[in-house]
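Undergrad: Compute the structure for the input listed below.
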Amino acid sequence: MKQPVCVLGAGRMGSSVATTLLNNAYDTWIWNRTAAKCNPLIAMGAKSGARRSLAQNGAHADFASLAPLFRREGVASEVMGKANA
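TA: So this is what the prediction gives:
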């Protein structure tokens, strides 16, 4: 059985992560400062906590902001499949 996961943020990256998790049958929780941004993901089956802490408590793992990782040279292009060979 796959563990529930919480994605904090429903922007471009968070929505992509949540969509991938949902498409792979993970029990996915979503939270965003602007709750309306969660609606498309909720329509796909994600659960939403009214508060961040509720969403996190419903899950066993968190996907929070990965921005510091993507600031490292080459990481973003590698993830996007655009690295120079």
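
Undergrad: Could you list the low-pLDDT ranges of this protein?
TA: 1, 50, 54, 60-72, 74-85 (pLDDT under 70).

Undergrad: the longest helix in it is where?
TA: Ranked by residue count and defined by DSSP state H, the top helix of the chain is helix 12-23.

Undergrad: And the next helix or strand after that helix, what does it pack against?
TA: Counting by DSSP states H and E, the next helix or strand C-terminal to helix 12-23 is strand 28-31. Judged by 3 or more Cβ pairs under 8 Å, 6 or more residues apart in numbering; DSSP states H and E, the packing partners of strand 28-31 are strand 5-8, helix 12-23, helix 39-43, strand 47-48, helix 52-57. Any C-beta I mention is one placed from the backbone N, CA and C, and that applies to glycine too.

Undergrad: who does the shortest one touch, helix- and strand-wise?
TA: When you say that, I think you mean strand 47-48. Judged by 3+ Cβ pairs under 8 Å, 6+ apart, strand 47-48 is in contact with strand 28-31.

Undergrad: same deal with the second one?
TA: Packing contacts for helix 12-23, counted by 3+ Cβ pairs under 8 Å, 6+ apart, involve strand 5-8, strand 28-31, helix 39-43.

Undergrad: Need the winner for burial among those.
TA: strand 28-31 (a mean of 28; mean count of other Cβ atoms under 10 Å).

Undergrad: Restrict that strand to CA atoms and write it as PDB.
TA: C-alpha atoms of strand 28-31 as PDB (Å, rounded to 0.1, in the frame of the first residue of the first chain):
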ATOM      1  CA  THR A  28      -2.400  12.800  -2.100                       C
ATOM      2  CA  TRP A  29      -3.100  15.800   0.100                       C
ATOM      3  CA  ILE A  30      -2.600  19.300  -1.200                       C
ATOM      4  CA  TRP A  31      -2.300  22.700   0.500                       C
END
